[in-house]
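Asker: 3D, please:
(2 chains)
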Amino acid sequence: MSSGTALQTFSLTNSIVEISPQDQIYKFDAAENQRINREAPWSKDPHYFKLCRISAVALIKMVIHARSGVPHEIMGLMQGKVVGDTIVIMDSFALPVQGTETRVNAAAEANEYMVEYIQGSEKAGRLENAIGWYHSHPGYGCWLSGIDVNTQMNNQKFQDPFIAVVIDPNRTISAGKVDIGAFRTYPENYTPPNASSSEYQSIPLSKIEDFGVHANQYYQVDVEIFKSTLDNELLALLWNKYWVNTLSQSPLISVRTFIVVTAIWISLVKATSTVGSTRPIIPTYEKEGAQKKEKEDKKKEENQLAKSVIDSTKIAVEAQHGLISQVIKDVIFSMRPRGEGSASASVSEVTDMAIG
Amino acid sequence: MSAMDTDEVSVVLPASSTTSGLSLSLHPLPILNISEHLTRLKLQKNDPSPFVLGALLGTQNGREVEIVNTFELATEGDEDTVDHGFLVSRRDQYKQVFPSLEFIGWYTVAPKPTSRHIALHEQFTGYCSTPLLLVLQPPYAAVGADINGQSLPFKAYEPTVEIKDRASRSVFVEAPYNIETGEAERIAVDWTARGGGSGTSLESHLQTQRSAVAMLHERILLLVKYVVDVVAGTTKKDHDVLRSLAALVASLPASENKAFREEFNTEYEDVQLTAFLSSLTKSTNILNDLVDKHLVLTADRGERGGGARRRMGGRQGGMPDWSDRLHG
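Answerer: From the prediction side, this is the model:
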């Protein structure tokens, strides 16, 4: 490791600012920003943005804010820039408004707050512009509702480049990983070339109509997280203190997925009535191709029972994970030292049965 | 005379003379915020050690302080005058969104606190009676050292007054801190630490558990080694440590309470029940599929449409019975 030390000493004494390529993204290039805003390549291609990169701090702030607002929907703004066909989100801040079903213009109330905040940010060294907004859907998944679609279409008309991000804090906690989605709407009167069926997610029946009607007016953008080299180092050091929390958290107790379970019950009841009319999926020859496949996909979607299967598997998987943690803790802390066999046996019992 | 002395004399009281009585908890978010602030300023000013200044937000309950969030501060004029207007407006904005958080201190990046920090500290006393100071100390992570033994390069200081030679001056005394986190924060930090991707959920979940257990194991090995050394006479006996170890061992197994065991088993059963129910739903679906396909196959070619419909009707007649039995 001596060469490493030597390099560090050299850089320090010679004030070399070592910016690894990973950190370049933190630099704000005003000229480049102006150029790309002038050119506005996104106005010519509705499907322009393919990727959304979110910085670690922006993400954590959004998740904490979303969680603190449960059961209300909260919203906030994000600051960042455009790099190629990627929207890069550097930071986020919360807005003091709560979204409700009927409020279209929640953003208008927070205008003064927004303006003051963004102006203040420049003083504090945060030079990026507002590049999007985020809000939460506590318990009902990441998608854009009718009102959200309208809001976002407006945003994209007047404040482009702008992206919409949705976070579900409840699913985040029960699944153990962040449930987040980034979306861009299509402009009015634009129909996307092929209505690709997006990945299924379980949405409560009360909301599913809202979801279905507008599902074709926007598309989902891939989300990637980035962090600086310093962040990486600090996170590695943080882990030294953090592992205690990981072991001691018990998701089974902290979250009871009530909402999802009742949703499954409702959909199962519905399924019992519709199961009579399901049709089988007839295998076709490959050459008859795409057309038939689309019809099959549609039939699959109408099969309510199949959807219930997916939902229930998901819950069972999450519960199993929680159970695995509990059993591990039990084995480590509670059992008297017996033979090796019994301790590992009980853990493997649970993991073998685990689905997914 | 004593005023000039503070330039030479350390403004930090040595740890042995006084210890801060605070019980301080630090969340991961402030840590990452400060790191991001530093990286950003480094790039903007093209300076490997720029002057970083920001405010700490959190809660204070008597001697228990929690640092939850941060925001950047601006300076006006030279670097040592805080822009108070900005501080007040930002603080109020955060109050609107997070009413429970208060201004509890400030942070900066420096090898150790100096008289310059005392001067800055004076500017914050208007907002909070004892503003804490959180310092990020470069070098951030020593090269080559065993990363497991290291702690975070952050130090927290509480301001206090030292009376010496009939003169009093403000000094800092170091305050130890713990890392605390909320559940959502923990998940978000874990997820970003792992790169934000998604593997098969079982695999990633087991991986996290495994790394946590591995850490525990390492720590235990360290303790065992210490005890072995003491027994062999190679290391000095430290009675405090040995007492805590004895207490730890005595507290295992964690719980032999019957009520605990019962509750544990009930929960175990509940979880396995959900797994069973979901497999049941799955098999029902597969069965349904099978029946559908069977119908298609066995229907007569000629009356395929009519036959299917009639059988459909028959089946629907059968269905209500089954669902009645379920509800009954």
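Asker: Could you use CA atoms for every contact and neighbour count after this?
Answerer: OK.
Asker: Show the pLDDT at residue B:26.
Answerer: Here, the pLDDT recorded for residue B:26 equals 90.
Asker: Tell me the helices and strands packed up against the lengthiest strand in chain B.
Answerer: As assigned by DSSP state E, the longest strand anywhere in chain B is strand B:154-164. In terms of contacts (3 or more CA pairs under 8 Å, 6 or more residues apart in numbering or on different chains; DSSP states H and E), strand B:154-164 is packed against strand B:132-136, strand B:167-175.
Asker: Tell me which of the ones you listed sits most buried.
Answerer: Most buried of those by mean neighbour count (mean count of other CA atoms under 10 Å in any protein chain shown) is strand B:132-136; its value is a mean of 25.
Asker: Name the strands paired with that strand and say parallel or antiparallel.
Answerer: In the sheet, strand B:132-136 lines up against strand B:102-109 (parallel), strand B:154-164 (antiparallel) (DSSP bridges).
Asker: Skip ahead from the first one and say which helix or strand is next.
Answerer: In the C-terminal direction, the helix or strand that comes right after strand B:102-109 (DSSP states H and E) is helix B:115-124.
Asker: So for that next one, mean pLDDT?
Answerer: The average pLDDT for helix B:115-124 rounds to 84.
Asker: which parts of that helix are buried?
Answerer: Neighbour counts over helix B:115-124 (16 or more other CA atoms under 10 Å in any protein chain shown) mark B:115, B:117, B:118, B:120, B:121, B:123, B:124 as buried.
Asker: Look at the closest residue to the fifth one other than its chain neighbours and report its pLDDT.
Answerer: Nearest residue to residue B:121, sequence neighbours excluded (CA to CA, 6 or more residues apart in numbering or on different chains): residue B:131, at 7.4 Å. Listed pLDDT for residue B:131 reads 87.
Asker: What residues does residue B:131 make contact with?
Answerer: Listed by CA atoms under 8 Å, 6 or more residues apart in numbering or on different chains, the contact set of residue B:131 reads B:104, B:105, B:106, B:121, B:124, B:125, B:158, B:159.
Asker: which residues are in contact with the longest strand of chain B?
Answerer: Contacts of strand B:154-164 (CA under 8 Å, 6+ apart): B:20, B:130-137, B:168-177.
Asker: Make sure I have this right: residue A:327 is in a strand.
Answerer: No - counting by DSSP: H, G, I helix; E, B strand; the rest coil, residue A:327 falls outside a strand, being helix.
Asker: So it versus residue B:264, what's the distance?
Answerer: Distance of residue A:327 to residue B:264, given as CA to CA, to the nearest Å: 9 Å.
Asker: and the two? which has more neighbours close in?
Answerer: Neighbour count, other CA atoms under 10 Å in any protein chain shown: between residue A:327 and residue B:264, residue A:327 has more, with 22 against 16.
Asker: circling back: lowest-confidence stretch among the strands paired with strand B:132-136?
Answerer: Across those, strand B:154-164 has the smallest mean pLDDT, namely a mean of 83.
Asker: List the buried residues in it.
Answerer: B:154, B:155, B:156, B:157, B:158, B:159, B:160, B:162.
Asker: And for stretch A:204-223?
Answerer: So, applying 16+ other CA under 10 Å, buried residues of stretch A:204-223: A:204, A:211, A:214, A:215, A:216, A:217, A:218, A:219, A:220, A:221, A:223.
Asker: where among the helices and strands packed on strand B:154-164 is the average confidence lowest?
Answerer: Among the helices and strands packed on strand B:154-164, strand B:167-175 scores lowest, with a mean of 80.
Asker: Any stretches of the stretch 1-150 of chain B with poor pLDDT?
Answerer: For the stretch 1-150 of chain B, the stretches flagged by pLDDT under 70 are B:1-20, B:77-79, B:139-150.
Asker: Would you map the strands across it?
Answerer: For the stretch 1-150 of chain B, the strands defined by DSSP state E, counting those that start in this stretch cover B:23-26, B:53-61, B:64-72, B:102-109, B:132-136.
Asker: for those, which one sits closest to residue A:191?
Answerer: strand B:64-72 (43.0 Å; CA to CA).
Asker: Please see if the closest one touches chain A.
Answerer: Yes - applying CA under 8 Å from any CA of the partner chain, one finds strand B:64-72 touching chain A at residue B:72.
Asker: So for the residue of chain A found nearest chain B, what's the pLDDT?
Answerer: Nearest to chain B in chain A, going by CA to the nearest CA, is residue A:334, at a distance of 4.2 Å. As predicted, residue A:334 sits at a pLDDT of 71.
Asker: what do you get for residue A:328?
Answerer: 79.
Asker: do the same with residue A:79
Answerer: At residue A:79, pLDDT is 92.
Asker: can I assume it is in contact with residue A:132?
Answerer: Yes - with contact defined as CA atoms under 8 Å, residue A:79 counts as touching residue A:132 (6.9 Å).
Asker: OK, contacts around residue A:180?
Answerer: Listed by CA under 8 Å, 6+ apart, the contact partners of residue A:180 are A:142, A:165, A:166, A:167, A:168.
Asker: go with 10 Å
Answerer: A:59, A:62-63, A:134, A:136-137, A:141-143, A:165-169, A:171-172, A:223 (CA atoms under 10 Å, 6 or more residues apart in numbering or on different chains).
Asker: Identify the bridge partners of it.
Answerer: residue A:167.
Asker: To residue A:234, which of the strands of the stretch 1-150 of chain B lies closest?
Answerer: Of those, the one closest to residue A:234 (CA to CA) turns out to be strand B:132-136, at 10.8 Å.
Asker: For the helices and strands packed on strand B:154-164, give me JSON lines that also has distance to residue B:95.
Answerer: Formatted as JSON lines, the helices and strands packed on strand B:154-164 follow (distance: least, CA to CA, whole Å):
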{"stretch": "strand B:132-136", "distance to residue B:95": "19"}
{"stretch": "strand B:167-175", "distance to residue B:95": "26"}
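Asker: mind listing the helices for chain A?
Answerer: A:2-13, A:30-39, A:56-69, A:106-109, A:111-123, A:146-158, A:169-175, A:205-214, A:229-248, A:251-254, A:258-274, A:289-302, A:304-333, A:340-353 (DSSP state H).
Asker: Please spell out which residues along the third one are buried.
Answerer: Okay, so that is helix A:56-69. Of all the residues in helix A:56-69, those buried under the rule 16+ other CA under 10 Å are A:56-67, A:69.
Asker: right, is that helix up against chain B?
Answerer: Yes - for helix A:56-69, a contact with chain B is found by CA under 10 Å from any CA of the partner chain, at A:56-69.
Asker: Assess the claim that residue B:245 and residue B:227 are in contact.
Answerer: Yes - here residue B:245 reaches residue B:227: they are 9.2 Å apart, a contact under CA atoms under 10 Å.
Asker: follow-up on the earlier one: tally up the residues packed near the residue of chain A closest to chain B, please.
Answerer: 17.
Asker: pretty sure residue A:68 is touching residue A:75, no?
Answerer: No - the pair residue A:68 / residue A:75 is not scored as a contact, 11.5 Å apart, by CA under 10 Å.
Asker: Flag the helix or strand of chain A with the lowest per-element mean pLDDT.
Answerer: Every helix and strand of chain A was ranked by mean pLDDT, DSSP states H and E. The lowest is helix A:289-302, at a mean of 52.
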